[in-house]
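Q: no sequence on this one, just coordinates:
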């Protein structure tokens, strides 16, 4: 965990489907391959959606946690 | 990428608020998932491609028996009820931070979603090319089917 350096944090809190995914797609395009994007969201559907999105796009979902209604995802740009 | 790019083809035939959201939500999501996306706008759905029209779409309480605040069907025909239902629906959407239709359309255009306007509908409803947004193309059934024939997902709205 200590070697993960977050390149950018995307605040997707209070956004409804599909905006967290759409903003993530945009944000990840701005990263270099191998860099990490952190996403904060409040949409409970985002848990399933980020799994599906990373499976579909091939980017790597490194971490997925929830604390006080805020979902936190870390995704590594892989290509 | 060695895997073949996935493709989704949709038909949008409605343009009340409830009918316009699903194709645009799925189009933008699919584009974010690196799908090739195409939507064929036909019949009332063609209204979605009219300039400055998207944010003016309405929802009618008539026939909508599952609105969160039920309106007796007979009341729905009273003048002004459609505007009232539209106002309520928009305020629920805003409360849930749902993207505006125009925002989803802008992202669709930006993501290269193919927007195909049905030529036959244009003829029937006397809609001119200049009435539609510049970013769409005009075509017929064959245009859509040629695109849809190699789609992995096809949906009708």
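A: Noted; the coordinates are in hand. Predicted model only: the values in this text are computed from it and were never measured.
Q: Distance check, residue A:17 against residue B:115.
A: To residue B:115, residue A:17 is 22 Å away according to C-beta to C-beta, to the nearest Å. C-betas here are computed from N, CA, C, even on glycine.
Q: Who has more neighbours out of those two?
A: With neighbours defined as other C-beta atoms under 10 Å in any protein chain shown, residue A:17 and residue B:115 compare such that residue B:115 has more, 22 against 17.
Q: Which residues are in contact with the residue lying closest to that one once chain neighbours are set aside?
A: Spatial nearest neighbour of residue B:115, chain neighbours left out: residue B:136 (4.0 Å); criterion: C-beta to C-beta, 6 or more residues apart in numbering or on different chains. Applying C-beta atoms under 8 Å, 6 or more residues apart in numbering or on different chains to residue B:136 gives the contacts B:41, B:49, B:115, B:116, B:117.
Q: Is residue B:138 in a helix, a strand, or coil?
A: When classified by DSSP: H, G, I helix; E, B strand; the rest coil, residue B:138 comes out as strand.
Q: So what's the residue count around the residue nearest to it when sequence neighbours are not counted?
A: Among residues not flanking residue B:138 along the chain, residue B:117 sits closest, at 4.9 Å (C-beta to C-beta, 6+ apart). Other residues within reach of residue B:117, judged by other C-beta under 10 Å, total 26.
Q: So residue A:60 versus chain B, what's the distance?
A: Distance, residue A:60 to chain B, using C-beta to the nearest C-beta, to the nearest Å: 15 Å.
Q: Quick check: nearest residue in space to that residue, chain neighbours excluded?
A: Excluding its sequence neighbours, the residue lying closest to residue A:60 (C-beta to C-beta, 6+ apart) is residue A:76, at 4.2 Å.
Q: any chance you could map the strands in chain B?
A: Along chain B, counting by DSSP state E, strands occupy B:7-12, B:36-41, B:114-118, B:137-139, B:153-156.
Q: Buried deepest among those, which one?
A: strand B:36-41 (a mean of 25; mean count of other C-beta atoms under 10 Å in any protein chain shown).
Q: Quick one: residues in contact with that one.
A: Contacts for strand B:36-41 (C-beta under 8 Å, 6+ apart): B:5-12, B:23, B:27, B:30-31, B:48-49, B:108, B:111-118, B:121, B:136, B:139, B:143-144, B:147-148, B:151.
Q: Report the contact partners of the residue nearest to residue A:60.
A: Residue A:76 makes contacts with A:34, A:35, A:36, A:37, A:59, A:60, A:62, as judged by C-beta under 8 Å, 6+ apart.
Q: From residue B:131, how far out is the residue nearest in space to the middle of chain B?
A: In chain B, the centroid-proximal residue (C-alpha atoms, centre = their mean) is residue B:20; its distance is 3.4 Å. Taking C-beta to C-beta as the measure, residue B:20 falls 17 Å from residue B:131.
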